[in-house]
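Undergrad: sequence and predicted structure below; questions after.
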Amino acid sequence: MAPRVVVLSLASDFGCQVQLSNMTEEILDVLGIIDLTYWQLASSGHMPAEYDVAIIEGAVTTDEHVELLAGVRETAAVVMVIGSCANLGGIPAMANLADLEARYLTVYGDGDGPKVAPGRRAPQPVDAFIKVDYHVPGCPIDPAEFLRVLSRVLLGLSDRVPNLTMCASCKTNENTCFYDKGVLCLGLVTRAGCGARCPSIGRPCMSCRGVAPDANLPSARVIAVAAGIREGDLDDALRIYNTASEVGR
Amino acid sequence: MARLSVEHVARIEGHGNVTVNVEDGVVRDVRMDVVEPARFFESMVVGRRFEEAPLITSRICGICSPNHVVTSIKALEDALGVEVSERTKLLRKLLVYGSYLQNHATHLYILAAPDYVGLPSVFPLAESHPQIVERALRLKKLGNDLTTAVGGRQVHPITAVVGGFTSEPGAARLTALREELLRVGKDARATVELFASFEVPDFATSGEMLALTADDDYAIYDGETKALDAGWRRPARDYRTFIGESVVGHSNAKHSTVGGRPFMVGAVARANINAGRLNEAGQAALRVSGIALPTRNPFHANTLQAVELADAAARCAGYIERLLGIGGSSEPVAFRVRAGEGGGATEAPRGTLYHSYAIDDDGIITAGDVLTPTAQNLANLEADMRAFAPTVADRDPEQFALLIEELVREYDPCLSCAVH
């Protein structure tokens, strides 16, 4: 029987779900081997009581999200998180750098604010609340990487996210190192696996895939300063995606 | 009596609940509760370097991210006094139109079409009407290919920065894209025919309509804001002086008014305001649609998006021709970082998108503001639901629900944009 799959979103920009819908050449094949039972973005209908695989996009930002995740973990045999928000807290977690109430007042003023979706909480990644079985990092995810991970889910293989940093990918692509030009690039500490997409077309890495387990942050800070980058700038740039992880703190 | 309560309306971007309650022909309650949680983007950019704003604000919306990037860059360039090359402007237009092709195709075929063929989603059509699904995927793919060629990937473009582009596609790739664009013209026309064949209610919105307008193009990148009924044209950068935003209790997205009235942005407003600027393919598609402009019917939005597809494919082919002919450079121009305030706008698939920022002498952002199309449309959508519901309250409950949801989806709401 084809595994029953649900796609769920917490606080996000839906970009990773758009990437799923962008698999224009593969989507019909994928739909042939899974039973997509719930996807609010693309279909009417209700969340089913039973399913096998839950694909989750977005950061946890409300008490309702926490309750939803508890139910998902009880029901699903496999939980897969997609994108920086669900994997790391990502950009929504930048809100944690200052008092959340103060941000609320900045956006809504001090009058009567909206009364919907109460139970606001500091944005966190999904694995801060439940065990996650498979990870597809990136902002947004790369559809090819998603398909590789989905294959591993369907074949029952283990999760395998690269532990290396991105520098080797840049060397493979014969990119000039940004540090040679005195420009800050977070590829030095960021989890590999995207093929150094941004540096290969002229943009330094912003660490949307998170800090690699193999990263040597103290050395990276020394290298950045030696290349003429202001002390503290590397950590400050890491806070865009990695505020909710230990490294960004 | 007709009641409707839908939690998490399907086939829209983001989380919203719709409540409609009509008793004896009198509307008791109409609400679009936007429960999508706020992420506080306007406060997040404060204290960050100006170059980071396009990257951060792009993550407001994964669906129209090219628009957020380009609009953010335009607002920053306005603040910094940066002038960019014609080549850069053409590439930015292609980036925005890539988003149009992708979005309009997704909205029309995946989100809206199932309403009119009585299906929960587009997926069953892959079996019964493969040629329709293949056409949808071709249009979507071409939009993605355009965004990827210019921006580096489909969602959250990489190469567009303040002053220009860090990389651009070569002539061979541009030529191939131009051929694809010319070929897809017939898919766009077939889309117009398909949507024109669906029966839609005869209904008129009472709202004002706003869109960018320019003297030399169907405005999506340049131009001033124009109001259809009031007739004025104003610099888009000053949007906060003519569009009012207010906080409402049932929605994490604010509501907007212009001159005290709700208003509509998007394909209907654009087509009404800029009908004379549609190119030949667009004019031909408009004739096929059977829609007489100006129209006040929000149910014409889908078909007019399809008309825009036909216009866009031919228009982008023209931009590419110009790019191949003019030479020049899109390399980021040099500029001096200085304190300033600036604003900018583009037409996103769902309507006009505005960004504005204040920057200090060190290039640090001290204030940011984003006004998205859906945030502008929400008050008008509720007003339309209030006026429309009593006219169909005698239908059976299922039909009533479908008609209200169709109206919601004609607005193509993007709730993560609206809340941000």
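TA: In hand now; what should we look at?
Undergrad: and the closest residue to chain A within the stretch 151-300 of chain B, what pLDDT?
TA: Nearest to chain A, among the residues of the stretch 151-300 of chain B, is B:Thr166, at 2.8 Å (C-beta to the nearest C-beta). For every residue, glycine as well, the C-beta is placed using N, CA and C. pLDDT for B:Thr166: 98.
Undergrad: of all residues in chain A, which one is closest to chain B?
TA: For chain A, C-beta to the nearest C-beta, closest residue to chain B: A:Gly15, 2.0 Å.
Undergrad: that residue is in contact with A:Pro143, isn't it?
TA: No. In terms of C-beta atoms under 8 Å, A:Gly15 does not count as a neighbour of A:Pro143; the distance is 11.8 Å.
Undergrad: if you count surrounding residues, which of these two has more?
TA: Remark: of A:Gly15 and A:Pro143, A:Gly15 carries more neighbours, 28 against 24, as counted by other C-beta atoms under 10 Å in any protein chain shown.
Undergrad: from A:Asn173, how far out is that one?
TA: 24 Å (C-beta to C-beta, to the nearest Å).
Undergrad: what's the answer for B:Glu42, then?
TA: 36 Å.
Undergrad: neighbour count winner among these two?
TA: Comparing B:Glu42 with A:Asn173 by other C-beta under 10 Å, the one with more neighbours is B:Glu42, at 21 against 13.
Undergrad: related to what we said a few turns ago, if I pick the residue of the stretch 151-300 of chain B closest to chain A, what's in contact with it?
TA: Neighbour list for B:Thr166: A:201-203, B:158-159, B:332 [criterion: C-beta atoms under 8 Å, 6 or more residues apart in numbering or on different chains].
Undergrad: and B:Val22, by the same measure?
TA: B:Val22 neighbours (C-beta under 8 Å, 6+ apart): B:1-3, B:28, B:389-390, B:393.
Undergrad: flag whichever of those residues scores worst on pLDDT.
TA: Among those, B:Met1 has the weakest pLDDT, 65.
Undergrad: neighbours of residue 23, just the number please.
TA: Defaulting to chain A. Counted with other C-beta under 10 Å, the neighbours of A:Met23 add up to 17.
Undergrad: chain B is the one I meant
TA: 13.
Undergrad: next: A:Arg230.
TA: That count, for A:Arg230 with other C-beta under 10 Å as the rule, works out to 10.
Undergrad: return the distance of the residue of chain A closest to chain B relative to A:Ile91.
TA: From A:Gly15 across to A:Ile91, the span is 10 Å (C-beta to C-beta).
Undergrad: what do the two both touch?
TA: Jointly contacting A:Gly15 and A:Ile91 under the rule C-beta under 8 Å, 6+ apart are A:139, B:59.
Undergrad: centroid residue for chain A?
TA: Nearest residue to the geometric centre of chain A (C-alpha atoms, centre = their mean): A:Ser84, 1.5 Å.
Undergrad: so which strand or helix has that one?
TA: Assigned by DSSP states H and E, A:Ser84 belongs to helix A:83-88.
Undergrad: output the contacts of B:Thr166 as CSV; include the columns neighbour count.
TA: Shown next, in CSV, are the contacts of B:Thr166 (neighbours: other C-beta atoms under 10 Å in any protein chain shown):
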residue, neighbour count
A:Ile201, 19
A:Gly202, 18
A:Arg203, 21
B:Ile158, 23
B:Thr159, 23
B:Pro332, 18
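Undergrad: ok, back up a step: most neighbours, which of the contacts of B:Val22?
TA: B:Ala389 leads the contacts of B:Val22 on contacts (other C-beta under 10 Å) with 23 neighbours.
Undergrad: residue ranges for the helices of chain A, please.
TA: A:15-21, A:27-33, A:63-75, A:83-88, A:100-108, A:143-155, A:167-172, A:217-226, A:233-242 (DSSP state H).
Undergrad: in chain B, what spans have low per-residue confidence?
TA: B:1 (pLDDT under 70).
Undergrad: ok, now with 80
TA: Residue ranges of chain B with pLDDT under 80: B:1-2, B:4, B:6-8, B:13-14, B:37.
Undergrad: hey, where'd the strands end up in it?
TA: B:2-6, B:16-23, B:26-34, B:160-161, B:164-165, B:208-213, B:224-227, B:233-234, B:243-246, B:255-258, B:263-264, B:340-348, B:351-359, B:365-371 (DSSP state E).
Undergrad: excluding chain neighbours, give the residue nearest to the residue of chain B found nearest chain A in space.
TA: Residue nearest to chain A within chain B (C-beta to the nearest C-beta): B:Gly62, separated by 2.0 Å. Sequence neighbours aside, A:Gly15 is the residue nearest to B:Gly62 in space, at 2.0 Å (criterion: C-beta to C-beta, 6 or more residues apart in numbering or on different chains).
Undergrad: could you do B:Leu278 as well?
TA: Once flanking residues are discounted, B:Leu278 sits nearest to B:Asp311: 5.2 Å by C-beta to C-beta, 6+ apart.
Undergrad: enumerate every residue touching the closest residue to B:Asp115 other than its chain neighbours.
TA: Nearest non-adjacent residue to B:Asp115, counting by C-beta to C-beta, 6+ apart: B:Glu406, 5.0 Å away. Taking C-beta under 8 Å, 6+ apart, we find B:Glu406 in contact with B:112, B:115, B:200, B:299.
Undergrad: next one: phi and psi at the residue nearest to the last one when sequence neighbours are not counted?
TA: This means B:Phe299. Nearest residue to B:Phe299, sequence neighbours excluded (C-beta to C-beta, 6+ apart): B:Val200, at 3.8 Å. In terms of degrees, to the nearest 10, the main-chain angles of B:Val200 are phi -120, psi 150.
Undergrad: what distance do you get for the residue of the stretch 151-300 of chain B closest to chain A to B:Ile158?
TA: Separation of B:Thr166 from B:Ile158 (C-beta to C-beta): 8 Å.
Undergrad: which neighbours do those two share?
TA: Common contact partners of B:Thr166 and B:Ile158 (C-beta under 8 Å, 6+ apart): A:201-203.
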